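Asker: Give me coordinates for this.
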Amino acid sequence: MSLAGQSKSSRRSIGLEGAEYDDLIATQYASLRTSTLTLTTLKLNCGEHNTGTGCMHMRRIGLGFSGVPLSIMDMVQYVKLAEKRGFDSVWIAEDYFLRDAVSPLACFAFVTKKVKLGVGVINPYTRHPVLIAETIATIDEISKGRSILALGTGVIPLVQQMGINVEKPLQTMRESVDLIRRLLAEKETTYRGSVIQVEKVRFGANPYFDLIGRFRPMRRRIPIYLAAMGPKMLQLAGEIGDGVLYSIGSPIPYVKYAIENLRIGARRANRDPSEIDVGCYIACAPSEKNKPPGKIVRGFVAYMVSYTSEEVLKMSNIDPFEASRIRGVLEKEGMAEASRYASNEMVERFGAFGNPQRIIERIEEYVSSGVDLPILFPIPPNFRLAVETGGRYANS
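Answerer: Model (predicted):
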């Protein structure tokens, strides 16, 4: 049993209290706290899964959630199943105005042992970068070093609804990543960026509690992915990100375009592009009986098509005029009516739909286009089949 699990009486029995005890606990985690990102921990086309009788190599696959429709308890059950089936990681997005992303992730940490846990995506406008550093360090402690942070600018219209101005997104992202890394390294930080200013922050310390103790992050370097869509943000991810995370509804031609921009940024920073982990959310809705996609899937696709840039639509051989027409229906009559206009071609382009074998084929197409970590984002109703299909892929 680790010292961290000792009761108060057990602490006394080994003759340590207060600061001495805290120092001893800190040494237990020294190797984790000083660990740095390496290619072997972030960038593998196959993962390693302990079956109890040894380790077997597995193909990387992730599972993604949002704030609806599942309850926390339902999400927990699927996360436990995903770990059993060999998933690399589980991610949750913070979509306003639903369940937050951090609270469920803490629950996932308590019921799992191996699967990595991604906060993906939160933004530095609704959460200050200092608070983000506190949050991801806390999740990392709960999960014993399994956390991943994905930062993005958020859905700007929704952020603005809260009275928050979204300004200088590129510089805000650059400074946020820099500041979070400095804080996790436990350096007293004074930061005077053009967007973010911080004055003498001693991360893990608080003047009210100087005589009580301090908080020490388990790792001084936690992976930070950038959620990026436009060419400038994609290039920034290539410059400074440990990984990049592409949004749900990213067609394969766009993924190839995005990777080219990622490489431009990496080369500009004298980095090897292959060291940057490429993750991509993939909307999926598996069906046992080859049923055509229903209203929920088509409504979701109609929404994605409506707000996809003209450039990406053209890459995907989708007529921008048709997309504009669907958007008009969506905004005037709602998603249910717009779903009627999502063609089979659009459905095929914007996700992975069909029987489990077809889902696996689509995952493989994304991987062939340069995605390292495909992340299945199940659309109702069959969440369990989505997890089982991901497990089949992982073990294939």
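Asker: Phi and psi next, for the closest residue to residue 326 other than its chain neighbours.
Answerer: Leaving out its chain neighbours, the residue that sits closest to residue 326 by CB to CB, 6 or more residues apart in numbering is residue 341, at 4.8 Å. Where C-beta positions appear, they are placed from N, C-alpha and C, glycine not excepted. Main-chain dihedrals, residue 341, degrees, to the nearest 10: phi -100, psi 0.
Asker: Next, count neighbours for residue 341.
Answerer: Residue 341: 20 surrounding residues under other CB atoms under 10 Å.
Asker: Could I get the pLDDT score of it?
Answerer: At residue 341, the model reports a pLDDT of 96.
Asker: Can you show me the helices along the stretch 151-300 of the chain?
Answerer: 156-161, 169-184, 231-240, 252-268, 295-306 (DSSP state H, counting those that start in this stretch).
Asker: ok, the residue nearest to residue 326 touching residue 327?
Answerer: No. With contact defined as CB atoms under 8 Å, residue 341 does not reach residue 327; the gap is 9.9 Å.
Asker: Contacts only, for the closest residue to residue 314 other than its chain neighbours.
Answerer: Leaving aside its sequence neighbours, residue 314 sits nearest to residue 320 (CB to CB, 6+ apart; 6.7 Å). Going by CB atoms under 8 Å, 6 or more residues apart in numbering, residue 320 touches 310, 313, 314.
Asker: okay if I get the residues you listed as a markdown table plus pLDDT and distance to residue 66?
Answerer: Putting the contacts of residue 320 into a markdown table (pLDDT from 0 to 100; distance: CB to CB, whole Å) gives the following:
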| residue | pLDDT | distance to residue 66 |
| --- | --- | --- |
| 310 | 93 | 26 |
| 313 | 94 | 24 |
| 314 | 94 | 28 |
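Asker: Now the buried members of these.
Answerer: Among these, those classed as buried by 16 or more other CB atoms under 10 Å are residue 313.
Asker: Save the contacts of residue 320 as CSV, and put in secondary structure and distance to residue 257 too.
Answerer: Shown next, in CSV, are those (DSSP: H, G, I helix; E, B strand; the rest coil; distance: CB to CB, whole Å):
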residue, secondary structure, distance to residue 257
310, helix, 14
313, helix, 12
314, helix, 11
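Asker: ok, so of the contacts of residue 320, who is nearest residue 86?
Answerer: Of all the contacts of residue 320, residue 86 sits closest to residue 313, with 35.6 Å by CB to CB.
Asker: residue contacts, that closest one?
Answerer: Here residue 313 is in contact with 305, 319, 320, 323 (CB under 8 Å, 6+ apart).
Asker: any idea how far residue 256 is from the third one?
Answerer: Spelled out, it's residue 320. Residue 320 is 19 Å from residue 256, where distance means CB to CB, to the nearest Å.
Asker: Could you do the first one as well?
Answerer: Using CB to CB, one obtains 19 Å as the distance from residue 305 to residue 256.
Asker: Looking at the two now, which is surrounded by more residues?
Answerer: Each of residue 305 and residue 256 has its neighbours counted (other CB under 10 Å); residue 305 has more, 29 against 13.
Asker: Hmm, that one is touching residue 316, no?
Answerer: No. Residue 305 is not in contact with residue 316 according to CB under 8 Å; the separation is 9.1 Å.
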